[in-house]
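Trainee: structure of the sequence below:
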Amino acid sequence: MKVIDIIALILVIVGAINWGLIGLFNFDLVAMLFGSMSAISRIIYTLVGIAGLWSIRFFARIGED
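Mentor: Numbering: from 1, shown residues only. Alright, predicted model coming up:
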């Protein structure tokens, strides 16, 4: 499962950067690169959302070490 965790982390970071750009500069990087609500941008938003949900499980792993 380590590969899935790394992919999820990358997608969460991409989402965080995109939200930071939206909040600070009103600039949506995903929409700029792939078009506003195009099929590709919707897929990216969906994958970032799934990665965020997947990452919730990391809270359960805090303190395991």
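Trainee: for the chain, what spans make up the strands?
Mentor: Read by DSSP state E, the chain holds no strands at all.
Trainee: any low-confidence regions in it?
Mentor: Using pLDDT under 70 as the threshold, the predicted model of the chain has low-confidence ranges 65.
Trainee: what does the lengthiest helix in it contact?
Mentor: Scanning the chain for the longest helix, with DSSP state H as the assignment, gives helix 2-25. Here helix 2-25 makes contact (C-beta atoms under 8 Å, 6 or more residues apart in numbering) with 27-30, 44, 47-52, 54-55, 58. Bear in mind the C-beta positions are built from the backbone N, C-alpha and C, glycine included.
Trainee: same thing but 7 Å
Mentor: F27, D28, L29, V30, L47, V48, A51, G52, W54, S55 (C-beta atoms under 7 Å, 6 or more residues apart in numbering).
Trainee: please name the nearest non-neighbouring residue to the fifth one.
Mentor: The shortest distance from L47 to any residue that is not its chain neighbour, by C-beta to C-beta, 6 or more residues apart in numbering, is 5.6 Å, and that residue is L11.
Trainee: tally of neighbours for the one you found?
Mentor: The number of residues packed near L11 is 19, by other C-beta atoms under 10 Å.
Trainee: please apply the same query to the one 10 residues further on.
Mentor: Burial of L21 is recorded as 15 neighbouring residues (other C-beta under 10 Å).
Trainee: I'd like the distance between it and A39.
Mentor: Using C-beta to C-beta, to the nearest Å, L21 is found at 22 Å from A39.
Trainee: ditto for A60
Mentor: 34 Å.
Trainee: now do the residue nearest to D28 when sequence neighbours are not counted against G15, distance only.
Mentor: What sits nearest to D28 in space, not counting adjacent residues and going by C-beta to C-beta, 6+ apart, is I22, at 5.5 Å. For I22, the distance to G15 equals 10 Å [C-beta to C-beta].
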